[in-house]
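>>> one predicted model, sequence on top.
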Amino acid sequence: WHKEENIEYLHKAILYKYLNINDHTIPSVVFYGKGWSWKWTFITLLWTIFWEDHILANLWQRDISSAFDTYKWQKIAVEFAEISTNHTRWDSQVLNKLKNIIWADKIIVNEKGVQPYEIQNIAWFFISSNSNKPLQLDDKDKGNRRFTIIRSESKLKNWKEVNQAIKNRVAVSNYISRLYTTYPEVIDYKKLDALDN
């Protein structure tokens with residue numbers, strides 16, 4: 001979105017997850033704003049890096065607000081798409097549900113017709129929305145360290161070429177190699193903090 005700090009953060013976050021595949025403490029990235037602006041393309045890039053079987057994408061708002069869980073087993077990344085605030089009580093429930101799974105060592109899964117069970121959490125969570133207000137976050141004094149917020153401000157004009165490029169395993173392998181050389185400090189990171197933007 002043409003903001004150097006956002007771009008650099010995302011590059012470092014991808015490399016950090018690549019190097020620390022089981023780290024569940026990476027802050028959730030919230031992409032919001034204009035449609036056709038790279039939100040889905042970013043998830044496609046993660047599919048190429050981590051393989052599609054390891055990414056659970058395009059879960060909806062109902063998947064957060066339902067009494068039953070859709071996320072049932074270990075994934076490297078999980079995306080909730082088209083999330084938006086709409087009602088104060090529900091907003092609080094959605095935020096609390098997300099806070100219960102983001103950074104949790106273990107997640108209790110409540111699958112319909114099955115006794116609730118526990119899974120190990122390794123997921124990096126994403127929330128994407130065309131809404132200008134996808135989540136009602138806590139007040140700043142409580143802190144929102146679980147979330148990195150990135151606004152989408154412009155449409156991706158050459159989306160077809162970009163999507164072809166990020167499905168090319170050789171190009172993506174070269175991209176990962178470039179991340180190693182561009183951000184060598186990430187190799188020594190013990191954790192990744194949220195972008196304070």
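Now that the structure is in, tell me what you want to look at. Numbers count the residues shown, from 1 in each chain.

>>> residue 23 against residue 17, yeah?
Yes: using Cβ atoms under 8 Å, residue 23 is in contact with residue 17, at 7.0 Å. The way it works is simple: take the backbone N, C-alpha and C, and place the C-beta from them, glycine included.

>>> between these two, which one's more packed in?
residue 17 (20 against 15; other Cβ atoms under 10 Å).

>>> and residue 95, how many residues sit next to it?
Residues near residue 95, counting by other Cβ under 10 Å, number 19.

>>> test my guess that it contacts residue 144.
No: between residue 95 and residue 144 there is no contact under Cβ under 8 Å: 9.4 Å.

>>> tell me what the helix with the most length in the chain is packed against?
Counting by DSSP state H, the longest helix found in the chain is helix 4-19. Contacts defined by 3 or more Cβ pairs under 8 Å, 6 or more residues apart in numbering; DSSP states H and E place helix 4-19 against helix 39-50, strand 147-152, helix 169-182.

>>> what residues sit buried inside that helix?
Buried residues in helix 4-19, counting neighbours by 16 or more other Cβ atoms under 10 Å, are found at 6, 9, 10, 11, 12, 13, 14, 15, 16, 17.

>>> quick one: contacts of that helix?
For helix 4-19, the external contacting residues (Cβ atoms under 8 Å, 6 or more residues apart in numbering) are 1, 23, 26, 29, 42, 45-46, 49, 76-77, 124, 148, 150, 176, 179-180, 182-183, 186-187, 189, 192, 195, 197.

>>> list only buried entries from those residues.
The buried subset of those (16+ other Cβ under 10 Å) comprises 1, 26, 29, 42, 45-46, 49, 76-77, 124, 148, 150, 179, 183, 186, 192, 195.

>>> ranges for the helices of this protein?
Secondary structure of the chain (DSSP H): helices at 4-19, 39-50, 61-65, 88-101, 159-165, 169-182.
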